[in-house]
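here is a sequence with its predicted model. Questions after.
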Amino acid sequence: MTVRAQRTANDYGVLVEPLTGEVTAWRNNVVLARSTRARVMYETRLPPVVYFPKDDIRADLKPAPDHRTFCPLKGTASYSDVLVSGETIENGAWHYPTALPEGQAVDGFHAFMPGVASRIEYNGKQLDTPFGGNISGPIVDWLLREAWTARTAEELISALGKKLVEDGVAVCRMSVLIWSLHPMIAGQNSIWQRDKDEVTSRYPSYELLESPIFKNSPLQHVADGLGGVRQKLDTNPDEFNFPIMEDLKEQGVTDYVAMPLPFSDGRINVLTLASDHPNGFTTANLGLIFECSALISRLFEVFALTSNATTILETYLGKRTGARVLGGEIRRGDGEVIDASILFCDLRHSTRLETELGRDAYLSELNRFFEVTTEIVNEHEGEVLKFIGDAVLAIFPAGSDREKACRQAVASADRIVQRLAVPEENGNGIPLTCAIGIAFGEVTYGNVGSKERLDFTVIGSAANIAARLGDHGKVVGHPIVASKDVADEADCGATPLGAVELHNVSDPVEAFAVSVCPAEPSD
């Protein structure tokens, strides 16, 4: 479906007119510019702006290449510092090097930022705008009253796209790129297409950001703070030489806009819109979207904040524990008493490894240890609660199945020892060894700590016994040592080690050495 007629959804407008007679811009008693060829731009919600030809500016202008702003109607503005009477006014003037259709009448002209010119003289006349000071219409009403009910970012972009089409805006494709706080995923790029009436979300990795595909895209241009992109594909195809423009043109796109969606933390996200109307976007409709972009940005920021909070909690606390904290268990003492298998895994010979390998190589191996342990625990329905130096504390909640929790803990321990024994391909070429202790019992699973700094962890004798059994395994030469109840429930053919005295454990503990299966061959 191609929208062939666009209604004026609001009264947004841009108008440029020549000023007859002499126009002079003053800063106190110094002339900044004087011209008989000046022009004035009127734009909705903005005061009139006088533009002077470059040749008629008396003040010195020094380009400021690090500062740009974007308007989808007029283009990306470049700025200059204004040097006058020994004073430097940073970013005091702007112009549009490659003006878009609504701004082409001031192509080659410069304007001064508010306050730079103390007064502008023009035949004693007052410059009044012919446009209203505000915009309104169905889209504005929807953004203010209903958009907040969307439950996901995908639902919001789909509803926004449909609303724009319903109100006569010929948008055929829209996307939103939101940066994330995730250790592996750079962000979320959701794309809505009118004809398919669907939203597709992609999750680019940090590696993808280094690829030519991204580096040569409008998304990179906008995210780098270089302003927005407006490409009328039938009028100025050489302004932005992005490969995607040819692809969009083949799909019938006539007009393309990528504009910044800044978040409150300063990150620059990106909103893109494409039109398939023969004349592209109208001034009124594109002005409407640009004026509403700040509100649109805040709506998407809500979802981003929730996603980032979830990601951070899952990354630092684990998926299950993170969900509990996000669900409201945030006060000291919040938690519950549960039965669980506790696994404590300690990397062996850390000091020697750091000395022999050096700090960087050692950290690489330490991260491999953590990654292998976490991956295997997750595969066996457990959860890593924390990294303690060069050790891992994991939990396998029993619920109503005590046997399963013990079996999963023992199976995890066996797989961890096997995997670490195989040197990582393209790594440092060394096997890693560890000491694992497993115990079962009743523990408190919840928040402990000070008023200002809490830790979601497990407290109970089982956690202490698991750590001490691991230490005992180092002494007797067994990589996995479990308590009797774990060995019995897991039925793993463990070897009795007798009742052993453990540090800070009041009564002797019946310990069992768990046999490790032969290491799996590497691929």
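Nice, thanks for sending it over.

all helices for the stretch 351-500 of the chain, in order.
359-379, 402-421, 461-476, 484-490 (DSSP state H, counting those that start in this stretch).

can you find the helix or strand in the protein with the smallest mean pLDDT?
helix 319-326 (a mean of 68; mean pLDDT, DSSP states H and E).

including mean pLDDT, could the helices of the stretch 351-500 of the chain go into TSV?
Formatted as TSV, these follow (pLDDT from 0 to 100):
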stretch	mean pLDDT
helix 359-379	93
helix 402-421	94
helix 461-476	92
helix 484-490	91
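
Phe281: which of those helices is closest?
Of all these, it is helix 359-379 that lies closest to Phe281, at 47.6 Å by Cβ to Cβ. The C-beta positions use only the backbone N, C-alpha and C, and glycine is treated the same way.

tell me what that closest one is packed against?
strand 335-347, helix 350-357, strand 383-388, strand 391-397, helix 402-421 (3 or more Cβ pairs under 8 Å, 6 or more residues apart in numbering; DSSP states H and E).

repeat the analysis, applying 10 Å as the threshold.
The helices and strands touching helix 359-379, judged by 3 or more Cβ pairs under 10 Å, 6 or more residues apart in numbering; DSSP states H and E, are strand 335-347, helix 350-357, strand 383-388, strand 391-397, helix 402-421, strand 434-449.

pLDDT weak spots in the stretch 151-300 of the chain?
By pLDDT under 70, the low-scoring segments of the stretch 151-300 of the chain are 234-241.

show me where it has helices.
For the stretch 151-300 of the chain, applying DSSP H, counting those that start in this stretch gives helices covering 153-166, 212-215, 218-223, 243-250, 283-317.

would TSV of those helices with distance to Pro72 be doable?
Output for the helices of the stretch 151-300 of the chain, formatted as TSV (distance: least, Cβ to Cβ, whole Å):
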stretch	distance to Pro72
helix 153-166	14
helix 212-215	22
helix 218-223	11
helix 243-250	16
helix 283-317	5
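
one step back: so which of the helices and strands packed on helix 359-379 is nearest Ala494?
helix 402-421 (8.4 Å).

which ones are touching the residue lying closest to Lys163 once chain neighbours are set aside?
In space, and not counting its chain neighbours, Lys163 is closest to Trp142: 5.4 Å by Cβ to Cβ, 6 or more residues apart in numbering. Applying Cβ atoms under 10 Å, 6 or more residues apart in numbering, we find Trp142 in contact with Ala159, Leu160, Lys163, Leu164, Glu166, Asp167, Cys292.

what about the first one, neighbour count?
Neighbouring residues of Ala159 were enumerated by other Cβ atoms under 10 Å; the total is 16.

that one - nearest residue in space that isn't next to it in sequence?
That would be Ala150: by Cβ to Cβ, 6+ apart, it lies 5.9 Å from Ala159.

next one: the last one
Of all residues beyond its chain neighbours, the one nearest Cys292 is Leu143 (5.9 Å), with distances taken as Cβ to Cβ, 6+ apart.

who wins for proximity to Phe440 among the helices of the stretch 151-300 of the chain?
helix 283-317 (22.6 Å).

and Ile430, what does it touch?
Counting by Cβ under 10 Å, 6+ apart, Ile430 has contacts Leu353, Glu356, Leu357, Ala361, Glu365, Pro423, Glu424.

quick one: buried ones out of those residues?
When the contacts of Ile430 are checked for burial by 16 or more other Cβ atoms under 10 Å, the buried set is Leu353, Glu365, Glu424.

quick check: the second one touching Leu347?
Yes - taking Cβ atoms under 10 Å as the definition, Glu365 is a contact partner of Leu347 at 8.4 Å.

which neighbours do these two share?
With Cβ under 10 Å, 6+ apart as the test, Glu365 and Leu347 both reach Leu353, Asp390, Leu420, Leu432.

only the buried residues of stretch 477-487, if you could.
His478, Pro479, Ile480, Val481, Ala482, Ser483, Lys484, Asp485, Val486, Ala487.

how about the contacts made by the first one?
In this structure, His478 makes contact with 435-436, 469-470, 472, 494-495, 497, 511-516, judged by Cβ under 10 Å, 6+ apart.

closest to Ser307 out of these?
Ranked by distance to Ser307 (Cβ to Cβ), the contacts of His478 are led by Ile436 at 34.5 Å.

for the closest one, give the beta-bridge partners.
For Ile436, the beta-bridge assignment (DSSP bridges) gives partners Cys345, Ile480.

which ones are touching it?
By Cβ under 10 Å, 6+ apart, the contact set of Ile436 is 343-346, 373, 391-392, 394, 409-410, 412-414, 416-417, 466, 469-470, 473, 478-482, 514, 516.

check the gap between it and Leu469 for me.
Distance of Ile436 to Leu469, given as Cβ to Cβ, to the nearest Å: 8 Å.

identify the contacts common to the two.
Phe344, His478, Ile480, Val481, Ala482.

report the buried residues of stretch 398-410.
Quick answer for stretch 398-410 (16+ other Cβ under 10 Å): Ala398, Arg402, Lys404, Ala405, Cys406, Arg407, Gln408, Ala409, Val410.

same check, this time on stretch 88-98
Quick answer for stretch 88-98 (16+ other Cβ under 10 Å): Ile89, Asn91, Gly92, Ala93, Trp94, His95, Tyr96.

list just the nearest of those residues to Glu250.
Of the buried residues of stretch 88-98, the one sitting nearest to Glu250 (Cβ to Cβ) turns out to be Tyr96, at 28.7 Å.

give the contact list for the closest one.
Counting by Cβ under 10 Å, 6+ apart, Tyr96 touches 51, 71, 74-78, 103-104, 106-111.
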